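J.: compute the structure for the input listed below.
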Amino acid sequence: MSKFNENVFNATNLTVRKREKLFRERNLDSLRERAVAKRTTSLENAQSLWETTAEQFRANGITVFFADTVSSANRFISDNMGESKLIVKGKSLTTEEMELRQVLERAGREVVETDLGEWIIQQRNELPSHFTAPAIHLSAGDVAEMINHKFGENLPPEAHALTAFARRHLREKFKCADAGIIGANAICADPATVLAVSNEGNVSLSARLPEKLFIVTGWDRIYDSIEGMEGVQRLLSGSATAQEYTSYVDFFRKPLPHQQAFLVVLDNGRKALMASEFSEGARCIRCGACLNICPVYEEVGGHTFGKVYHGGIGALLTAFTGKGRDASSIASYCLRCKTCEPSCPMGIPIADLVAQLSESYPLPFYLSLPLKILGRNMGVVSGRGQQNSGSKSASESASGSGVCSDSNSNPAPASREAVFIGCAFRNPLMKKERKEIESALSRFFPNAEILDSGCCGMPHFYKGQLSAANDRLESIRKMFNPYDRIFLPCSSGFAYLREYLGDKIQLMSVAMAETAGKIDSDIPVFYHQPCHLKTGPGTSEKADLNQVIPFSEWENENRCCGSGGTYFLQHPRISRKILSRKETGMDGKFTIVTSCPSCLLQLRRVFGKARVVHSVSFMSESAHGKERRFFTAYQAAAGEEQKGT
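T.: Below you'll find the predicted structure:
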């Protein structure tokens with residue numbers, strides 16, 4: 001059962017707002033292209049880079065150990081701990097993956113997490129719930145209650161008092177520690193350098209005070225050189241904590257005179273990830289930006305949506321470094337909405353990768369059956385247009401149709417334009433919208449042919465049924481081949497097909513806005529942005545529609561509604577909770593316009609049918625309304641003139 005957490009929601013939304021402001025003011029997006037290129041090139045050459053890096057580190061006095069598995073890494077560290085009894089440890093997701101602290105504690109050693117968030121959850125015997133903010137799910141009251149109960153204090157739930165206590169407590173541990181363990185954000189090959197970023201100074205103390213230092217990192221943390229790392233570091237800091245630079249950036253090249261230093265490089269599936277069709281996921285720098293903006297994560301947190309690695313990217317990482325059943329569970333929570341992708345500093349197509357990963361996991365019957373139904377009648381076209389076969393165009397007829405089973409056998413219509421209806425408008429709940437789309441054709445697309453061939457394949461793709469999705473796509477490709485432009489009323493289908501078929505795929509609402517007149521409204525009209533229009537050419541839909549529709553500002557217009565096609569069936573409580581965020585401050589009379597049929601039905605669950613309108617319907621109704629008003633006025637004027645004579 002999912003447990004909602006307002007602490008997570010508030011913290012992530014604050015970070016997102018700060019991050020957006022920082023990226024806008026500092027133009028950090030301009031760093032992405034070079035940073036992604038550097039990361040990609042480094043991963044492609046990881047084997048040779050590690051060889052040269054290890055050689056340099058060994059020459060500098062650092063012992064380097066390459067561990068194929070978690071057990072071999074833990075064994076090496078345990079064997080080289082010697083008589084160390086007190087160990088101070090910095091934050092490290094790799095060591096969480098290894099359960100290193102638990103292994104050392106079972107051997108009778110005291111291991112103290114020194115990152116404040118990690119220390120808090122260690123006292124509570126919990127796992128981290130975020131990549132960079134492990135205690136994000138807790139309030140100051142929760143922390144105060146824990147400290148007062150465990151340490152016999154009487155502290156108020158106030159951040160300064162709580163951190164002051166933790167600082168005093170940890171300072172004594174640093175002074176007495178025998179060994180230190182830290183992670184690494186990057187290992188640079190030229191020259192061989194460990195780079196670690198932090199905000200609390202605990203990494204510096206854990207690494208420099210003890211006589212033994214263990215640096216634990218993953219095989220995928222390698223970079224070719226220190227040159228260009230500032231851009232990567234700025235993207236990491238900005239994406240993780242909305243800071244252009246963290247408070248501390250530590251570099252290590254060799255041990256201090258009093259130290260023994262060890263570098264442990266863990267594979268545990270990373271090489272397999274880097275060599276697989278999911279290799280783009282290996283670019284992940286563990287910033288957590290995708291978690292902060294994720295509609296699901298911000299409601300339930302990492303303990304529901306993950307284990308060591310959280311969110312959609314967590315499903316992918318867990319599939320290679322953890323257990324398949326854990327990855328399957330994590331993947332099921334992903335909306336595949338792509339909300340996270342614009343925020344990823346490494347440009348990882350997370351939703352697409354999770355969809356591909358899900359091919360390995362069985363779908364429940366209540367999801368697989370609807371997809372089978374959507375896949376029926378592939379290749380069937382219900383055509384209206386100017387064809388040599390003699391069927392009428394939309395301007396000539398509003399109801400004629402012709403059917404063919406193979407679009408290649410059909411001569412291309414003279415107009416070279418078509419409207420692809422898609423599967424959503426076959427839903428009985430969308431009957432009115434279907435009629436309004438058809439009625440819009442004679443006014444806005446008089447020469448277009450209707451292509452009514454069911455589903456575009458997107459629902460199959462995002463549920464991991466890749467074979468069915470590819471079959472659909474190939475059928476669609478052949479069907480669309482004779483046409484220069486294909487208009488879609490469904491924004492999700494538009495975004496999906498545009499990616500594969502290019503500029504010939506057009507959004508119907510935007511095309512209508514080019515010729516529609518200005519629409520007047522006596523009540524506020526709000527725009528709901530479908531998640532799949534947050535990337536790519538569809539991002540301009542609101543601006544295009546705003547030329548004819550006077551949209552009022554709505555602070556929640558970009559917030560996900562939680563539909564996700566069938567997500568409300570799979571996780572109804574989470575879907576409804578996400579949807580509830582759209583309700584804030586909405587009362588009185590208003591209209592919400594959207595181009596996504598799934599979003600439309602979801603929004604109607606709280607706002608009602610009359611208040612939520614498809615963009616094509618809104619413009620079509622407005623156009624017909626103007627015509628009716630003009631005709632009525634004309635009749636009235638004619639009547640007055642007749643009376644006068």
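
J.: in stretch 142-159, what counts as buried?
T.: Residues Val143, Ala144, Met146, Ile147, Leu155 are the ones in stretch 142-159 that count as buried (16 or more other CB atoms under 10 Å). Where C-beta positions appear, they are placed from N, C-alpha and C, glycine not excepted.

J.: out of those residues, flag the one nearest to Gly238.
T.: Val143 (26.7 Å; CB to CB).

J.: after the helix or strand containing the closest one, heading C-terminal, what element do we hit next?
T.: Per DSSP states H and E, Val143 falls inside helix 140-151. Following helix 140-151 in sequence order, the next helix or strand is helix 159-176 (DSSP H and E).

J.: give me the mean pLDDT for that following helix.
T.: Mean pLDDT, helix 159-176: 97.

J.: and it, what does it pack onto?
T.: strand 86-89, helix 116-123, helix 140-151, helix 202-208 (3 or more CB pairs under 8 Å, 6 or more residues apart in numbering; DSSP states H and E).

J.: what are the buried residues along that helix?
T.: In helix 159-176, counting by 16+ other CB under 10 Å, buried: Leu162, Phe165, Ala166, Leu170, Lys173, Phe174.

J.: can you add distance to Ser521 and pLDDT and give the buried residues of stretch 142-159 back as CSV?
T.: Formatted as CSV, the buried residues of stretch 142-159 follow (distance: CB to CB, whole Å; pLDDT from 0 to 100):
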residue, distance to Ser521, pLDDT
Val143, 50, 98
Ala144, 51, 98
Met146, 53, 98
Ile147, 56, 98
Leu155, 55, 98
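
J.: contacting residues for the residue sitting nearest the centre point of the chain?
T.: Closest residue to the average C-alpha location of the chain: Cys340 at 2.6 Å, with CA atoms, centre = their mean. Neighbouring residues of Cys340 by CB atoms under 8 Å, 6 or more residues apart in numbering: Ala289, Cys290, Leu291, Ile293, Cys294, Gly311, Gly312, Ile313, Ile350, Ala351.

J.: just the element for Asp326, please.
T.: Asp326 belongs to helix 324-333 when assigned by DSSP H and E.

J.: how distant is that helix from the center of its chain?
T.: The chain centre lies 16 Å from the centre of helix 324-333; the measure is CA atoms, centre = their mean, to the nearest Å.

J.: do a quick rundown of the helices in the stretch 351-500 of the chain.
T.: Applying DSSP state H, counting those that start in this stretch to the stretch 351-500 of the chain gives helices spanning 365-374, 431-444, 458-462, 466-480, 491-501.

J.: out of the ones you listed, which comes closest to Arg75?
T.: Going by CB to CB, the one of those nearest Arg75 is helix 466-480, 39.3 Å.

J.: export that closest one as PDB, just CAs?
T.: Extracted C-alpha coordinates of helix 466-480, given in PDB (Å, rounded to 0.1, in the frame of the first residue of the first chain):
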ATOM      1  CA  LEU A 466       7.400  -3.800 -28.000                       C
ATOM      2  CA  SER A 467       6.600  -6.400 -30.700                       C
ATOM      3  CA  ALA A 468       3.000  -5.300 -30.900                       C
ATOM      4  CA  ALA A 469       4.100  -1.600 -30.900                       C
ATOM      5  CA  ASN A 470       6.500  -2.200 -33.700                       C
ATOM      6  CA  ASP A 471       3.900  -4.000 -35.700                       C
ATOM      7  CA  ARG A 472       1.500  -1.100 -35.300                       C
ATOM      8  CA  LEU A 473       4.200   1.400 -36.200                       C
ATOM      9  CA  GLU A 474       5.100  -0.500 -39.400                       C
ATOM     10  CA  SER A 475       1.400  -0.600 -40.400                       C
ATOM     11  CA  ILE A 476       1.000   3.100 -39.600                       C
ATOM     12  CA  ARG A 477       4.200   3.900 -41.600                       C
ATOM     13  CA  LYS A 478       2.800   2.200 -44.700                       C
ATOM     14  CA  MET A 479      -0.600   3.800 -44.200                       C
ATOM     15  CA  PHE A 480       0.900   7.300 -43.900                       C
END
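
J.: poorly predicted segments of this protein, please.
T.: Low-confidence segments of the chain (pLDDT under 70): 1-2, 374-415, 624-645.

J.: surely Phe66 is within a strand?
T.: Yes: counting by DSSP: H, G, I helix; E, B strand; the rest coil, Phe66 falls inside a strand.

J.: quick check: which element contains the residue lying closest to it once chain neighbours are set aside?
T.: Leaving aside its chain neighbours, Phe66 sits nearest to Val265 (5.0 Å; criterion: CB to CB, 6 or more residues apart in numbering). Assigned by DSSP H and E, Val265 falls within strand 260-266.

J.: check which helices and strands that strand is in contact with.
T.: helix 46-59, strand 62-67, helix 70-80, helix 93-98, strand 212-218.

J.: pull the distance from that strand to the chain's centre.
T.: 33 Å.

J.: which residues are contacting that strand?
T.: Strand 260-266 is contacted by residues 50, 54, 57, 61-67, 70, 73, 76-77, 80, 94, 97-98, 187, 194, 211-219, 252, 254-255 when judged by CB under 8 Å, 6+ apart.

J.: quick one: buried ones out of the residues you listed?
T.: Burial by neighbour count, 16+ other CB under 10 Å: within the contacts of strand 260-266 this picks out 50, 54, 57, 62-65, 67, 70, 73, 76-77, 80, 94, 97-98, 187, 194, 212-219, 252, 255.

J.: can you name the residues that contact Ser492?
T.: Here Ser492 is in contact with Met458, Pro530, His532, Gly565, Cys596, Pro597, Ser598 (criterion: CB under 8 Å, 6+ apart).

J.: which residues does Tyr462 contact?
T.: Per CB under 8 Å, 6+ apart, neighbours of Tyr462: Arg336, Ala351, Ala355, Gly565.

J.: do Thr594 as well
T.: Ser491, Tyr527, His528, Gln529, Pro530, Leu600, Leu603, Val612, His614, Ser615.

J.: returning to what we had before: neighbour-wise, which one of the contacts of Cys340 leads?
T.: Gly312 (33 neighbours; other CB atoms under 10 Å).

J.: am I right that that residue sits in a helix?
T.: Yes: using three-state DSSP, the assignment for Gly312 is a helix.

J.: any idea how far Ile578 is from it?
T.: The gap separating Gly312 from Ile578 is 15 Å, by CB to CB, to the nearest Å.

J.: check Pro550 too.
T.: 28 Å.

J.: these two - which one has more neighbours?
T.: Ile578 (26 against 12).

J.: am I right that that one sits in a helix?
T.: Yes: the assignment for Ile578 by three-state DSSP puts it in a helix.

J.: partners of the strand holding Val265 in the sheet?
T.: strand 62-67 (parallel), strand 212-218 (parallel) (DSSP bridges).

J.: surely Ala186 meets Gly218?
T.: No: under the criterion of CB atoms under 8 Å, Ala186 makes no contact with Gly218, lying 10.8 Å away.

J.: how far off helix 46-59 does the strand holding Val265 point, in degrees?
T.: Orientation of strand 260-266 against helix 46-59 (axes from the mean of the first three to the mean of the last three CA atoms, to 10 degrees) gives an angle of 170 degrees.

J.: quick check: buried residues in the helix or strand following strand 260-266?
T.: Sequence-wise, the next helix or strand downstream of strand 260-266 (DSSP H and E) is helix 270-274. By neighbour count with 16+ other CB under 10 Å, helix 270-274 contains the buried residues Arg270, Lys271, Leu273, Met274.

J.: helix or strand next in line after helix 270-274, which one?
T.: Proceeding C-terminally, helix 270-274 gives way to helix 289-293 as the next helix or strand, assigned by DSSP H and E.

J.: put the alpha carbons of that next one into CSV.
T.: The C-alpha trace of helix 289-293 is given here as CSV (Å, rounded to 0.1, in the frame of the first residue of the first chain):
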residue,chain,number,x,y,z
ALA,A,289,16.6,15.8,-10.6
CYS,A,290,14.3,13.2,-12.2
LEU,A,291,13.0,12.3,-8.7
ASN,A,292,12.3,15.9,-7.7
ILE,A,293,10.0,16.5,-10.6
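
J.: give me the contacts around the helix or strand just after it.
T.: The helix or strand immediately downstream of helix 289-293 is helix 297-300, counting by DSSP H and E. With CB under 8 Å, 6+ apart as the test, helix 297-300 has contacts from 2-5, 8-9, 12-13, 291-292, 305, 310-311, 333, 574, 577-578.
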